[in-house]
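S.K.: no sequence on this one, just coordinates:
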């Protein structure tokens, strides 16, 4: 048995034990703690992938550990994925969100980030009322601001340069992260060109899903946003960034 | 020319036309500028925010496509035009060898999904004048209120 298999079988039995206990059983906490400490080295490895950025590694380890705790709480063994396959994206998502939020506060003046948030909220409300995406003029009326301010706020969300975290995650074809998400169905419905496939495999699951919804299932951004519980602007930002990443990847390997 | 002095007011009614021409080095760092021009024109036409975001991505894709094929140290010319509730973008670059666009590529598929129409033309005309032109058009989705 490899180390990984041992880990997997230990955690399988712990999760099985957990499933047997009633929700108010005090032993649940104990089992969860054991699971968290079992996988803590994985959280550290994920944090280490982001070394060299401004944030101290110890902060990142904590952030990754928070992701791990969430993963332990939310994991449902009956879904048929291994805990690791579930936990790694959760931890990475946590680290990514941390970067996004801190990059956000550093780069965007407060007025703009507030405006951006207000626009996200308003576009969700209006989309529900209207049944389609609002226009800048409708947003302006709704928020009692000018159309120029709306435009500024819309662009503010995209113009900040997302640190290309995805690059940090693709250190080699052997990394477990790159093998994750291979099961994502649907993409192969389409004839995806050979050149695109390796680049696509490096895109985080959620981004790939959004890409698929927009370009293979032809959903609008507002529809995607509603389905995923995000704002249209967030979807738009993720899509634009994913396309940019794909472009960069594909030009590296013509 | 006078008609173009106040394009925003004209286009807001969806009747006027306006044209913006930008000449830049074919450098991806300039994409943001190009996106902004497209956005400003489309906001004036009262595009909904889905279409706006699609346009921004399409401009990114279209212009990177041209940039990638541009002759080194050349200039890229991007023409934005509005009229009849639509924005058209045309990017043109000098190329060193006859350039083509692979219509089976993912990039082209992205463009076809985002824009109402996309097209490309290779202009030959002596080594010095070989150019590649890519263009798209996006229409406002609904009538302005």
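M.R.: Received it, and whenever you're ready, just let me know what you need. Just so it is clear, the structure is predicted and the values come from calculations on it, not from any experiment.
S.K.: Which helix or which strand is home to residue B:81?
M.R.: According to DSSP states H and E, residue B:81 maps onto strand B:76-83.
S.K.: just checking, what packs against that strand?
M.R.: Secondary-structure packing of strand B:76-83 (3 or more Cβ pairs under 8 Å, 6 or more residues apart in numbering or on different chains; DSSP states H and E): strand B:18-24, helix B:31-44, helix B:49-69, strand B:86-94. Every C-beta, even on glycine, is put in place using the N, C-alpha and C of the backbone.
S.K.: With mean neighbour count added, can I get those in CSV?
M.R.: CSV is the format used below for the helices and strands packed on strand B:76-83 (neighbours: other Cβ atoms under 10 Å in any protein chain shown):
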stretch, mean neighbour count
strand B:18-24, 15
helix B:31-44, 20
helix B:49-69, 24
strand B:86-94, 22
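S.K.: nearest to residue A:235, of the ones you listed?
M.R.: Closest approach to residue A:235 among the helices and strands packed on strand B:76-83 is made by helix B:49-69 (8.1 Å; Cβ to Cβ).
S.K.: For the residue nearest the centre of chain B, list each beta-bridge partner.
M.R.: Geometric centre of chain B, nearest residue: residue B:89, 2.3 Å, by Cα atoms, centre = their mean. Per DSSP bridges, the residues bridged to residue B:89 are residue B:80, residue B:136.
S.K.: residues contacting the nearest residue to residue B:30 once chain neighbours are set aside?
M.R.: Leaving aside its sequence neighbours, residue B:30 sits nearest to residue B:24 (Cβ to Cβ, 6 or more residues apart in numbering or on different chains; 4.6 Å). Taking Cβ atoms under 8 Å, 6 or more residues apart in numbering or on different chains, we find residue B:24 in contact with B:30, B:33-34, B:75-76, B:78.
S.K.: closest to chain A among the residues you listed?
M.R.: Distance to chain A, by Cβ to the nearest Cβ, is smallest for residue B:33 among those, at 10.5 Å.
S.K.: Report the buried residues of the helix or strand containing residue A:67.
M.R.: For residue A:67, the host element (DSSP H and E) is helix A:57-74. Neighbour counts over helix A:57-74 (16 or more other Cβ atoms under 10 Å in any protein chain shown) mark A:60-61, A:63-69, A:71-72 as buried.
S.K.: Show me the two of these that sit farthest apart.
M.R.: Farthest pair in these, by Cβ to Cβ: A:60 and A:72, 18.8 Å.
S.K.: Check for me that residue B:119 belongs to a helix.
M.R.: No - counting by DSSP: H, G, I helix; E, B strand; the rest coil, residue B:119 is not part of a helix but strand.
S.K.: Quick one: find the helix or strand in chain A with the lowest mean pLDDT.
M.R.: One helix or strand of chain A scores below all others by mean pLDDT, DSSP states H and E: helix A:165-169, with a mean of 31.
S.K.: Likewise for chain B?
M.R.: Lowest by mean pLDDT, DSSP H and E among the helices and strands of chain B is helix B:7-12, with a mean of 43.
S.K.: who's in contact with the residue in the stretch 51-200 of chain A that chain B sits nearest to?
M.R.: Proximity of the stretch 51-200 of chain A to chain B (Cβ to the nearest Cβ) peaks at residue A:133, 3.8 Å away. Contact analysis of residue A:133 by Cβ under 8 Å, 6+ apart lists A:123, A:127, A:220-222, A:232, B:48-51.
S.K.: Kindly report the same for residue A:91.
M.R.: Neighbour list for residue A:91: A:42-43, A:46, A:64, A:67-68, A:71 [criterion: Cβ under 8 Å, 6+ apart].
S.K.: so where's chain B shaky on pLDDT?
M.R.: B:1-16, B:127, B:143-145 (pLDDT under 70).
S.K.: how about the residues of it near chain A?
M.R.: Within reach of chain A by Cβ under 8 Å from any Cβ of the partner chain, chain B has these residues: B:32, B:35-36, B:39-40, B:43, B:46-54, B:56-57, B:60-61, B:64, B:68, B:104-107, B:109-110, B:113, B:141-142, B:144-145.
S.K.: Helices along the stretch 101-250 of chain A, start to end?
M.R.: For the stretch 101-250 of chain A, helices defined by DSSP state H, counting those that start in this stretch occupy the ranges A:110-130, A:136-143, A:147-159, A:165-169, A:176-179, A:196-201, A:205-215, A:221-228, A:232-252.
S.K.: what angle separates the third one from helix A:136-143?
M.R.: Counting by axes from the mean of the first three to the mean of the last three Cα atoms, to 10 degrees, helix A:147-159 lies at 100 degrees to helix A:136-143.
S.K.: Report the mean per-residue pLDDT for helix A:147-159.
M.R.: In this model, helix A:147-159 has a mean pLDDT of 78.
S.K.: Burial check on residue 97, number of neighbours?
M.R.: Went with chain A since none was named. 13 (other Cβ atoms under 10 Å in any protein chain shown).
S.K.: could you do chain B instead?
M.R.: Using other Cβ under 10 Å, residue B:97 has 9 neighbouring residues.
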